[in-house]
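Novice: Next one to model:
(chains A, B and C)
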Amino acid sequence: MGDFLKDLNAEQKKAAQHFDGPCMVIAGPGSGKTRVLTYRIAYLISKGISPFNILALTFTNKAAKEMRKRIENLSGENNSYNLWMGTFHSVFARILRIESEKLNYPSDFTIYDTEDSKNLIKNIVKEKGLDKDIYKTSVLKNRISSLKNNFITPDDYLNHIELIEADNIAKRNEFSNVYTTYAQRCKQSSAMDFDDLLLNTYKLLNEHPESLHKYQNKFTYILIDEYQDTNHIQYLIIKKLAALNENICVVGDDAQSIYSFRGANIQNILDFKTDYPDYVEYKLEQNYRSSGNIVDAANSLIKNNKKQFDKTVWTRNNKGNLIVVCKAQSDNHESRLIANTVLSILKSKKSNYKDFAILYRTNAQSRSIEDAFRRTGIPYKIYGGLSFYQRREVKDVLSYFRLSINQSDEEALRRVINYPARGIGSTTLQKISIQAVKKEVSMWEIISNIENEELNIHSRTRNKLKEFKQMIDYFTNQSNIKSAYNLAEEIVKNSGIYHQLKQDKTPEGVNRFENIQELINGIKYFCENNTEEKKLKDFMHEIALMTDQDNEKDIDYNKVTLMTIHASKGLEFPYVFVIGMEENLFPSMMSIESSSDLEEERRLFYVAITRAENRLFLSYAVNRFRWGQYIQCEPSRFLAELDKNCLEKQEPIDMHKKQPYNSVYRYIKKSHSNQNPSTHSTKPNNNQTKKLESYNSGSKVQHSHFGKGFIIRVEGSGSSKKAIVQFEKVGQKHLLLKFCNLKIIDN
DNA sequence: ACCTCAAACATTTTT
DNA sequence: TGTTTGAGGT
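Specialist: Got it, this is the predicted structure:
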């Protein structure tokens, strides 16, 4: 017991063995921060602390999942399941579902995503007859979000003169009205947006002492990863929860704070020191991840920031290769160079696609890389952008699910009431909406009582509304009886979506149809992989806060990773390319006026650099295609800030020099879009089918949940291929190979 | 109520 | 450039 700590260095060990009382771990990039957190939890468990009493808040659900697995291995016990571990949002959503009635919500409240919130704001602005150019949806959304993250409710807003003045100057005199209405409408829809999950948790702890005591006594040990990226409301929640035992451990790095636009506040680190004056501080400064040149370059960059804590990151690793800075003629040229570099490294060194990451400032930059990779046959996966659950057709189906579970969900209602078209148009919807506002009830209530409403709606339309209500009511009834899979299938068929999509033979339509099938298969997998029967609401709870990163598929294992720098936080790769190193792009145009914004961009670049283990490539283009035309670009100021001794300037070798690259690009792009109009990383490809072929009956396999077993037989083909597996501990299971993490141990 | 086409708009980062 | 929105026709 406890000797697993031998894997740690002296500093790490000290931090991991911290037992009681508050502590702060300041940890540079690659210093084994997550490792310390993991070992500390395992250590606590080994000292007899029950996993039930440990709360660990991580930045992504994926990080939580991996940590849980490692803790299980370390402590050798199978009780890590009882740890409360996940993102702030997912952990608090779980608490809120348990305590929902205290806050007057049903436990099956909907979680509105950004799109839902924006649609709601758009509707409110329209209803109130406000100028949509002044009351811009995205601006309002951000403003409301930042208010909530600072625990300023619509009522509190009226007490902040400076806020009101700021809105008056921006000619948004009605902002308070919009904010109030937004909050009311969310409540009326039994919905919480992302920020409400935090806000309402704080309200719960603040206004309900019995709940506060319950969770204070439950979570006797609290650990928080990436503390530098917590915001004010998260700080308030943590402070409340930790007040009784003060066994709070935060881990972070001020130099990697990159989420201030989301309300993250370095002040939280400073406040920690005053809130818990007897805290113990640990510093992890040795970098185990990156080569010497990379560490040196990162240090030389971050030196340019005025505001930062005293810390020296160093490494014993070899100097390694110099960092390559590469100039390209255009964004497409840049992408081709990167594709060629990836291929040449693969040829000369022992490496895999998964060892490469392409990092960029904005999501839009992925497109030209994608084109170059598709052309050269480099397999890749994209994180961020539109997640699977946000794709239009998927969200349409999910909206039926949502409405069936929570009939008040107005955004879901608006989405599906006339999809597929059933003769309930915008005029009717408008009338219902106005009536709902007038009577201060939900739109669903108006529809439920449509025959008694004095509305100028044609009787034929009234009947359509009645039919629609009957259908949803039926689904709602079934949702308590049927399993998630059975009901999901029934909803897709009965609602007419199945029929509608099947008729569409265009490539896009076929793709949409496949996505719905993938969704249904996912639900099936969800049902089959749980011991107790799962209802549709369980599935919806599970996916509400999931990102693409959280349910990475086995198929995507060996691919080059494309992601924004923000999304790359906490990850590492042997080969890293940071692209678009240009003024106005990185640093972003929006940030160059304010020094604090600029410092955040610099920290962002610091994060990007320190993702690299062996080699780092930085590139910029002289011309970039933006807003429909080529724009001349200057190299980023950050390049000049890097220590020259770490850099190697490389003149580009263009493999297509003899051809004008524009025309080559256009030609390729056209021919490609004809063949393959829309590729999503989850779409099956040859690579995957090959992989699925390798599952045979008799193979010994390992599953992440069920442990070891062997394949009894294999059924189906292509992407619906499944294996019937006899597991040692949990018996027989039917697993869809496309989805499950089934590793072959022995063939 | 629904479909079609042209004008307008867009690019910061995310749970 | 690609997507979304709204006006106008059916």
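Novice: use CA for all of it now, contacts and neighbours both
Specialist: Will do.
Novice: residues near A:Leu223, how many?
Specialist: Other residues lying near A:Leu223 total 24 when counted by other CA atoms under 10 Å.
Novice: now it, what's its secondary structure?
Specialist: In three-state terms, and counting by DSSP: H, G, I helix; E, B strand; the rest coil, A:Leu223 is strand.
Novice: and the helix or strand where A:Asp371 lies, what does it pack onto?
Specialist: Counting by DSSP states H and E, the secondary-structure element that holds A:Asp371 is helix A:366-376. Judged by 3 or more CA pairs under 8 Å, 6 or more residues apart in numbering; DSSP states H and E, the packing partners of helix A:366-376 are helix A:331-348.
Novice: ok, what's across the strand from A:Met85?
Specialist: Taking DSSP bridges as the rule, A:Met85 bridges to A:Ala56.
Novice: what sits against it?
Specialist: In this structure, A:Met85 makes contact with A:55-58, A:64, A:68, A:91, judged by CA atoms under 8 Å, 6 or more residues apart in numbering.
Novice: So which bits of stretch A:326-346 are buried?
Specialist: Of the residues in stretch A:326-346, those with enough neighbours to count as buried (16 or more other CA atoms under 10 Å) are A:326-340, A:342.
Novice: And A:Arg375, how far from A:Asn332?
Specialist: Counting by CA to CA, to the nearest Å, the gap from A:Arg375 to A:Asn332 is 12 Å.
Novice: Just give the number of residues close to A:Ile26.
Specialist: A:Ile26 has 23 neighbouring residues, counting by other CA under 10 Å.
Novice: was I right about it contacting A:Glu281?
Specialist: Yes - using CA atoms under 8 Å as the test, A:Ile26 is close enough to A:Glu281 to be in contact (7.4 Å).
Novice: Contacts only, for A:Glu334.
Specialist: Taking CA under 8 Å, 6+ apart as the criterion, A:Glu334 is in contact with A:327-328, A:579, A:619-621.
Novice: what's the closest of those residues to DNA strand B?
Specialist: Closest approach to DNA strand B among the contacts of A:Glu334 (CA to the nearest atom of the strand): A:Ile579, at 13.5 Å.
Novice: Give me the neighbour count for that closest one.
Specialist: Based on other CA under 10 Å, the number of other residues close to A:Ile579 is 24.
Novice: Next, find the distance separating A:Val394 from A:Glu542.
Specialist: 16 Å.
Novice: who has more neighbours, those two?
Specialist: When A:Val394 and A:Glu542 are compared on other CA under 10 Å, the one with more neighbours turns out to be A:Val394, at 19 against 13.
Novice: The more buried one is in contact with A:Gln517, isn't it?
Specialist: No - using CA under 8 Å, A:Val394 and A:Gln517 do not qualify as a contacting pair, with a distance of 9.6 Å.
Novice: least trustworthy helix or strand in chain A by mean pLDDT?
Specialist: In chain A, the helix or strand scored least confidently by mean pLDDT, DSSP states H and E is helix A:661-675, which has a mean of 28.
Novice: now what about the helix holding A:Asp371, what contacts it?
Specialist: Residues from elsewhere that reach helix A:366-376, judged by CA under 8 Å, 6+ apart: A:331-332, A:335-336, A:339, A:360, A:379-380, A:562-563, A:668-669.
Novice: sorry, back to before: nearest to A:Leu140, out of the contacts of A:Glu334: which one, please.
Specialist: Looking at the contacts of A:Glu334 and their distance to A:Leu140, the nearest is A:Ile579, at 31.5 Å (CA to CA).
Novice: and that closest one, what does it touch?
Specialist: Listed by CA under 8 Å, 6+ apart, the contact partners of A:Ile579 are A:334, A:358-360, A:618-620.
Novice: If anything else comes up later, I'll come back, but that's it for now.
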